[in-house]
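Colleague: Dropping the sequence and predicted coords here.
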Amino acid sequence: MIFSTQEQIPHITLMHPRNANCINEIFEEIKKQDSTQTFFYERDFNRKGYNFLGDKDYEDAIAVFKMNVALYPDSENTYDSLADAYAMSGDSLNAYVNYKKVLELNTGNTRAKKFIEVYDKNKD
């Protein structure tokens, strides 16, 4: 078991590792221990992802946001965050794809609309 008696809440433990590979290992270990329990909160993953973005660690931010999308596939916010990370990393195509998904989930998201509009104008 990877948790000490002091670490009672796995989702909090998950937020402490510095790199996304470590987060993924912990995530997989928790799923093995109890695949029926929800230990992962969308906002915690988002916060960790944006911490990586703040450090310009785009690879780890994208990895965390992808995991959040996998955990919360019906959340507009998870796709929006992933799109932000791709955009900040310079990957406008993947940003576009994820902003399109945001609009599928929420047609009123003005940031996603604006990004897609600008992208479509510039691709011609």
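Modeller: Nice, thanks for sending it over.
Colleague: What's the separation between the closest residue in space to K113 that isn't next to it in sequence and K56?
Modeller: Residue nearest to K113 in three dimensions, not counting chain neighbours: L103, with 6.7 Å by Cβ to Cβ, 6 or more residues apart in numbering. C-betas here are computed from N, CA, C, even on glycine. Applying Cβ to Cβ, to the nearest Å, the value for L103 to K56 is 27 Å.
Colleague: These two: who's more crowded?
Modeller: L103 (16 against 9; other Cβ atoms under 10 Å).
Colleague: Enumerate every residue touching that one.
Modeller: For L103, the contact set (Cβ atoms under 8 Å, 6 or more residues apart in numbering) comprises 109, 112-113, 116.
Colleague: One more: A112?
Modeller: 80, 83, 99-100, 102-103, 106.
Colleague: if we go to 6 Å?
Modeller: 99, 102-103 (Cβ atoms under 6 Å, 6 or more residues apart in numbering).
Colleague: what pLDDT does it get?
Modeller: Turning to A112, the model gives it a pLDDT of 96.
Colleague: secondary structure class for it?
Modeller: helix (DSSP: H, G, I helix; E, B strand; the rest coil).
Colleague: what's the answer for K56, then?
Modeller: Classified using three-state DSSP, K56 is coil.
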